[in-house]
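Participant: For reference, the sequence and a predicted model appear below.
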Amino acid sequence: MIKRLLIANRGEIAVRIIRSCREMGIETVAVYSTADKDSLHVRLANKAVCVGPPPSAKSYLRKENLIMAALHSGCEAIHPGVGFLSENAEFARLVRNQGLIFIGPDPQIIELLGDKVIARTTAEKYGLPVTPGTGALNPGGAGKDAGEAEKSAAKLGFPVIIKAAAGGGGRGMRIVHKPQDLAENIRIAGYEAEANFADGTVFIEKYLENPRHVELQIIADGTGKVAVLGERDCSVQKKHQKLIEESPSPGVKDDMRRAMTAGAVPLFRDLKYQGAGTIEFLVEKDAFYFMEVNARVQVEHPVSEFVSGVDIIRQQILACTGNPMELDPEAVDLRGWSIECRINAGASGKISRLEIPGGPGVRFDSFLYTGCSVPPHYDSMVGKLIVYGKDRPHALARMDRALEELCIEGIPTNINRQKRILNHPGFRSGRFGTSFYEEVQEEIEKEP
């Protein structure tokens, strides 16, 4: 087992990794920008290294600074967390070239799965259905690409969705309802993709009006051993940003679950995938379509941990450091129901009061503490409230109670909005898709 690991990330995910490492007897080195010098992950780590000023491009995205921090602090491995460089094949390659272990899959696998156009082809090879769509398009290309885009979109039928080939999170993504709007939206999507992922390549898919967003949690050890820790439903989204996740999905039946798993397992096995990963699908009625693979741990991994009883970060580290996983893929025991609410800040500021809910089956993953400052430079998510119950009604009741207990003062948050979503009849029914938030937005966002 490794003795010291650097966490190339910040916030709640860095805190989460530190906690698993401490239980495993692994020392941790935190990195921080000057804006995060008093952050909780800096306080909890065995050592901390400043890697630059507040802007991510000058700190958390500076590959050379992160690798030098790891080398100078005597680390054997780097955990990239989520976001930032977690799916950056070049970073993974540089880490390995310096003799360090990258807690994630091989750089070649990240490249293969990171390009959504190539990933679609790979999925089809393993019998996974994909949404009808095009190959890669160059938004700046005149003539051939522009003409092909128009022909392809007409063949698919409007509405269509334009997506960045190299990214996600709603960036480089545009929905087009009319043919005359296609060219301009391809240009804008390409610009957004270039700005966020340094790759302006896009592609077009048939837009499914109100599907469910469902993903399988995978852990693999690189030797062909692949464990599936159930599925998560991530359909409650605002502008493609997830708000509430739950496991299992209220919209997936056993036969669909088996079909998803039957395609996913051989894909990850044959790729000799190593570590944690997620394969994502769009579900429409009784059909499902492959969307993408996230070659990293996901923000919403705690709901899968609750229903499976597995520490996903621990298993990820074991798999990527050449140690055997502590679970048998054939003996994964999924029980109960788990729900996660993402707690987002509406502005930066100082936390004047923090009261965290407790009791059975309640967990709060966050970097907040009373007196800490939330900087304006990074993602708005400041915490995740996760609950577990014997079934969905029990989990809903527990989340309702936990949200009532959660108190964050000093900054505006979305706690009240999450309460309204949780208690909306449409959410309670379990019959909703990715358009749910837009349909009820006016009710959810009313003041206070």
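Facilitator: Alright, I've got the coordinates.
Participant: can you pull out the strands in the stretch 151-300 of the chain?
Facilitator: 160-164, 174-176, 202-206, 212-221, 226-238, 241-247, 274-284, 287-294 (DSSP state E, counting those that start in this stretch).
Participant: Identify the residues contacting Asn344.
Facilitator: Contacts for Asn344 (CB atoms under 8 Å, 6 or more residues apart in numbering) come out as Ser380, Met381, Val382, Thr413, Asn414. (C-beta placed from N, C-alpha, C; glycine too.)
Participant: Name the nearest of the residues you listed relative to Cys341.
Facilitator: Lowest distance from Cys341 to those (CB to CB) belongs to Asn414, with 8.6 Å.
Participant: Report how many residues lie close to that closest one.
Facilitator: Residues within reach of Asn414, counting by other CB atoms under 10 Å, total 22.
Participant: One more: Asp328?
Facilitator: There are 10 residues near Asp328, going by other CB under 10 Å.
Participant: how about it, what does it touch?
Facilitator: Counted by CB under 8 Å, 6+ apart, Asp328 has contacts Ala227.
Participant: Distance check, it against Gln315.
Facilitator: 12 Å (CB to CB, to the nearest Å).
Participant: which residues are in contact with both of the two?
Facilitator: Residues touching both Asp328 and Gln315 (CB under 8 Å, 6+ apart) are Ala227.
Participant: mind putting the contacts of Asn344 in a markdown table, secondary structure, pLDDT and distance to Cys234 included?
Facilitator: Compiled in a markdown table, those are given as follows (DSSP: H, G, I helix; E, B strand; the rest coil; pLDDT from 0 to 100; distance: CB to CB, whole Å):
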| residue | secondary structure | pLDDT | distance to Cys234 |
| --- | --- | --- | --- |
| Ser380 | coil | 96 | 17 |
| Met381 | strand | 97 | 14 |
| Val382 | strand | 98 | 19 |
| Thr413 | strand | 98 | 20 |
| Asn414 | coil | 97 | 16 |
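Participant: Can you tell me which of the residues you listed is closest to Cys50?
Facilitator: The closest of these, once distances to Cys50 are taken by CB to CB, is Val382, at 21.7 Å.
Participant: Counting neighbours, what do you get for the nearest residue to the closest one once chain neighbours are set aside?
Facilitator: Spatial nearest neighbour of Val382, chain neighbours left out: Ala345 (4.9 Å); criterion: CB to CB, 6 or more residues apart in numbering. For Ala345, the neighbour count with other CB under 10 Å is 23.
Participant: next one: Tyr60
Facilitator: Neighbours of Tyr60 using other CB under 10 Å come to 25.
Participant: got the contact list for Gln316?
Facilitator: Contacts of Gln316 (CB under 8 Å, 6+ apart): Ile103, Ile219, Gly275, Ala276, Val297.
Participant: Doesn't Ile118 belong to a helix?
Facilitator: Yes: per DSSP: H, G, I helix; E, B strand; the rest coil, Ile118 lies within a helix segment.
Participant: Assess the claim that Tyr434 and Pro211 are in contact.
Facilitator: Not Tyr; residue 434 is Thr. Yes: using CB atoms under 8 Å, Thr434 makes contact with Pro211 at a distance of 6.1 Å.
Participant: between those two, what contacts are shared?
Facilitator: Between them, Thr434 and Pro211 share these contacting residues under CB under 8 Å, 6+ apart: Ser235.
Participant: Against Leu182, how distant is Gly147?
Facilitator: For Gly147 relative to Leu182 (CB to CB), the value is 11 Å.
Participant: what about the two, which has more around it?
Facilitator: Leu182 (22 against 11).
Participant: hang on, the earlier thing: neighbour-wise, which of the contacts of Gln316 leads?
Facilitator: Ile103 (30 neighbours).
Participant: Tell me who's in contact with Ile17.
Facilitator: Leu5, Ile7, Asn9, Thr28, His79, Gly81, Ile313.
Participant: Identify the bridge partners of Val283.
Facilitator: Arg212, Phe288 (DSSP bridges).
Participant: which residues touch it?
Facilitator: Val283 neighbours (CB under 8 Å, 6+ apart): Pro211, Arg212, His213, Val214, Ser249, Gly251, Val252, Met256, Tyr289.
Participant: which among these end up buried?
Facilitator: Pro211, Arg212, His213, Val214, Ser249, Gly251, Val252, Met256, Tyr289 (16 or more other CB atoms under 10 Å).
Participant: Tell me where the model's unsure across the stretch 301-448 of the chain.
Facilitator: The model of the stretch 301-448 of the chain has pLDDT under 70 over residues 448.
Participant: again, but for the stretch 51-200 of the chain
Facilitator: Counting by pLDDT under 70, the stretch 51-200 of the chain has low-confidence residues at 140-145, 168-169.
Participant: Geometrically speaking, which residue is the centre of the protein?
Facilitator: Residue closest to the average C-alpha location in the chain (CA atoms, centre = their mean): Gln298, at 3.6 Å.
Participant: related to what we said a few turns ago, among the contacts of Ile17, which one lies nearest to Pro376?
Facilitator: Asn9 (18.2 Å).
Participant: what about that closest one, how many residues close to it?
Facilitator: If we define neighbours as other CB under 10 Å, then Asn9 has 25 of them.
Participant: residues near the residue lying closest to it once chain neighbours are set aside, how many?
Facilitator: Closest residue in space to Asn9, ignoring its immediate chain neighbours: Gly81 at 3.0 Å, by CB to CB, 6+ apart. Neighbours of Gly81 under the rule other CB under 10 Å: 26.
Participant: Doesn't Gly81 belong to a helix?
Facilitator: No: under three-state DSSP, Gly81 sits outside any helix and is assigned coil.
Participant: on that earlier part again, got the contact list for the residue nearest to the centre of the chain?
Facilitator: Val82, Glu215, Gln217, Ala276, Thr278.
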